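> Mind folding the following:
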Amino acid sequence: MTTFYTIKDRIDGFGCQYHSIMTGIAICENLNYQYVHTPFKQMEHNVDIEKLNYFIGIPETQITNEKVIAEKCCYQVMYSKTPSAYFTESVIETIRKYYFSTEKPEIEEIDIAIHIRRGDVSKNGTHKNRFIDNSVYIKAINNLKKMYPDYKIHIYSQGKLEDFADLVSDNVFFHLNEEISKTFHSFVMAKVLVTCISSLSYCAAILNSNTIFYYNFFHYPLDKWLNFVSLLE
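Next up, the predicted model:
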């Protein structure tokens with residue numbers, strides 16, 4: 001007897017919701033369930049929901065007269081200390097096939113993409129536990145330049161250029177307040193991706209087949225990812 005499983009009823013941001021969907025796909029392969037896709041219905045940050053439904057490439061599943069297990073995420077996968085046990089190459093390939101099945105924004109070739117979370121986080125205000133100071137990124141950028149001397153560094157964030165004045169240097173380019181799908185796709189395609197405390201860059205890291213420097217937080221890294229701390233030594 002087939003067990004049907006879906007992820008639904010989230011209202012938070014794109015990264016959190018996409019990550020939740022990924023956990024649903026992963027647990028279905030792990031338990032031999034059939035994944036039933038429920039499109040995004042509501043989302044924070046005033047985004048184009050229909051555009052993002054198309055963007056991730058997963059077709060809505062029509063199921064009638066069948067009982068479907070519905071959760072907001074698969075907690076077993078999302079908060080696993082060993083996510084590579086669920087995000088196997090087979091699962092990641094399934095998600096990638098969906099993702100690349102639809103048209104993506106046109107972007108330039110990205111050598112190094114650094115995600116710096118701002119906008120909804122601040123040093124002394126909202127979500128201050130997710131704020132990473134510019135001083136940390138100065139060290140990371142200096143080391144990245146030594147490791148990849150021929151690479152251009154692209155910083156993706158929100159705000160104004162003066163908010164990042166101490167990060168301005170040769171071969172560093174800023175992408176501020178860009179459309180979310182363009183930012184996300186740049187993360188996915190980057191030769192080197194540096195994540196932050198964010199589901200947005202975490203999801204992109206799952207899809208990215210290149211080098212990942214992972215900033216530690218409550219979603220554990222895949223086995224092949226490198227620790228952000230290594231950029232500070």
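> quick one, domains of the chain?
4-99, 112-232 (automatic domain parsing).
> Tell me the span between the first and last residue of the longest one.
Across its full length, domain 112-232 reaches 16 Å end to end, with CA to CA, to the nearest Å as the criterion.
> go on, the first one?
Start-to-end span of domain 4-99 (CA to CA) is 22 Å.
> can you give me the helices for the chain?
Using DSSP state H, the helices of the chain run over 14-31, 49-56, 75-78, 89-99, 134-147, 180-189, 199-207.
> how deep is the residue lying closest to Ala26 once chain neighbours are set aside tucked in, by neighbour count?
Among residues not flanking Ala26 along the chain, Tyr86 sits closest, at 4.1 Å (CB to CB, 6 or more residues apart in numbering). Backbone N, C-alpha and C define where each C-beta goes, glycine included. A count of neighbours around Tyr86, defined by other CB atoms under 10 Å, yields 20.
> Kindly provide the distance from Tyr86 to Leu193.
The gap separating Tyr86 from Leu193 is 20 Å, by CB to CB, to the nearest Å.
> Please apply the same query to Tyr220.
17 Å.
> Any buried residues in stretch 165-181, and which?
Using 16 or more other CB atoms under 10 Å as the test for burial, stretch 165-181 gives 167, 171-172, 174-176, 178, 180-181.
> Can you give the distance of that stretch from its chain's centre?
18 Å (CA atoms, centre = their mean, to the nearest Å).
> go on, stretch 44-61?
For stretch 44-61 - counting by CA atoms, centre = their mean - the centre lies 15 Å from the chain centre.
> where does the protein dip in pLDDT?
65, 119-129 (pLDDT under 70).
> what about Tyr5, neighbour count?
When neighbours are counted by other CB under 10 Å, Tyr5 comes out with 18.
> Just send the domains of the chain back as CSV, with distance to Pro105 too.
Output for the domains of the chain, formatted as CSV (distance: least, CB to CB, whole Å):
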stretch, distance to Pro105
domain 4-99, 9
domain 112-232, 4
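> which parts of stretch 38-48 are buried?
For stretch 38-48, burial by neighbour count (16+ other CB under 10 Å) applies to 38-40, 43.
> Tell me the one of those nearest Cys74?
Cys74 lies nearest to Thr38 out of those, by CB to CB, at 13.6 Å.
> Pretty sure that closest one sits against Ile58.
No: applying CB atoms under 8 Å as the test, Thr38 and Ile58 come out as separate, 9.6 Å apart.
> Report the separation between the nearest residue to Ile21 once chain neighbours are set aside and Asn143.
Once flanking residues are discounted, Ile21 sits nearest to Ile7: 5.1 Å by CB to CB, 6+ apart. Per CB to CB, Ile7 is found 38 Å from Asn143.
> re the thing from before, which one, of the helices of the chain, ends up nearest to Glu162?
Nearest to Glu162, of the helices of the chain and by CB to CB, is helix 134-147 at 11.6 Å.
> Show me what counts as buried in that closest one.
Of the residues in helix 134-147, those buried (16+ other CB under 10 Å) are 137, 140-141, 144-145.
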